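Trainee: Sequence first, then the predicted structure, then my questions.
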Amino acid sequence: MTDCLFCRIVAGEIPATVVTETDTTLAFRDIDPKAPTHVLVIPKEHHTAIGDVDPVLAGQILATAHQVAKAEGVDESGYRLVFNTGGDGGQTVFHVHCHVLGGRGLTWPPG
């Protein structure tokens with residue numbers, strides 16, 4: 001999709017600070033971080049909502065998110081994975097993405 005911000009990042013048209021990459025996923029730093037560790041993990045192919053993603057790809061997204069947490073050193077202290085889905089769920093970029101948040105105490109409920 002030419003108008004999708006994350007598809008353009010995958011295509012290399014928009015720069016991003018890449019943390020890790022697999023054949024199916026890309027992880028990069030959020031440009032407006034909400035925690036010391038704030039990395040987005042996306043599938044390289046476009047999907048609008050997590051419910052549209054097949055279970056194998058969903059597992060790959062989660063595996064990459066855990067890999068990011070380990071690389072960032074927050075896997076033992078604790079981290080949060082967030083999928084915002086739909087406008088009321090807080091999704092602003094309509095390409096599936098998982099926020100990996102950590103590096104400080106995270107409160108509940110989030111907002």
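Mentor: Thanks, I have it. Residues are numbered from 1 along each chain as shown.

Trainee: and Phe28, what helix or strand is that in?
Mentor: strand 25-29 (DSSP states H and E).

Trainee: helices or strands up against the longest helix belonging to the chain?
Mentor: For the chain, the helix with the greatest residue count under DSSP state H is helix 55-72. Under the contact definition 3 or more C-beta pairs under 8 Å, 6 or more residues apart in numbering; DSSP states H and E, helix 55-72 sits against strand 18-21, strand 25-29, strand 37-43, strand 79-83, strand 98-102. C-betas here are computed from N, CA, C, even on glycine.

Trainee: residues in contact with the last one?
Mentor: Same thing as strand 98-102. With contact meaning C-beta atoms under 8 Å, 6 or more residues apart in numbering, strand 98-102 is reached by 27, 30, 34-42, 61-62, 65, 68-69, 72, 74, 77-84.

Trainee: Which among these count as buried?
Mentor: 27, 30, 35, 37-42, 61, 65, 68-69, 72, 74, 79-84 (16 or more other C-beta atoms under 10 Å).

Trainee: pull the CA atoms of the longest helix of the chain into PDB?
Mentor: Extracted in PDB, the C-alpha atoms of helix 55-72 (Å, rounded to 0.1, in the frame of the first residue of the first chain):
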ATOM      1  CA  PRO A  55      -1.900 -17.400  13.600                       C
ATOM      2  CA  VAL A  56       1.500 -18.300  12.200                       C
ATOM      3  CA  LEU A  57       2.300 -14.700  11.400                       C
ATOM      4  CA  ALA A  58       0.900 -13.600  14.700                       C
ATOM      5  CA  GLY A  59       3.200 -16.000  16.500                       C
ATOM      6  CA  GLN A  60       6.200 -14.500  14.500                       C
ATOM      7  CA  ILE A  61       5.200 -11.000  15.600                       C
ATOM      8  CA  LEU A  62       5.100 -12.100  19.200                       C
ATOM      9  CA  ALA A  63       8.400 -14.000  18.900                       C
ATOM     10  CA  THR A  64      10.100 -10.900  17.400                       C
ATOM     11  CA  ALA A  65       8.600  -8.800  20.200                       C
ATOM     12  CA  HIS A  66      10.100 -11.100  22.800                       C
ATOM     13  CA  GLN A  67      13.400 -11.000  20.900                       C
ATOM     14  CA  VAL A  68      13.300  -7.200  21.100                       C
ATOM     15  CA  ALA A  69      12.600  -7.300  24.900                       C
ATOM     16  CA  LYS A  70      15.600  -9.500  25.400                       C
ATOM     17  CA  ALA A  71      17.900  -7.400  23.200                       C
ATOM     18  CA  GLU A  72      16.700  -4.200  25.100                       C
END
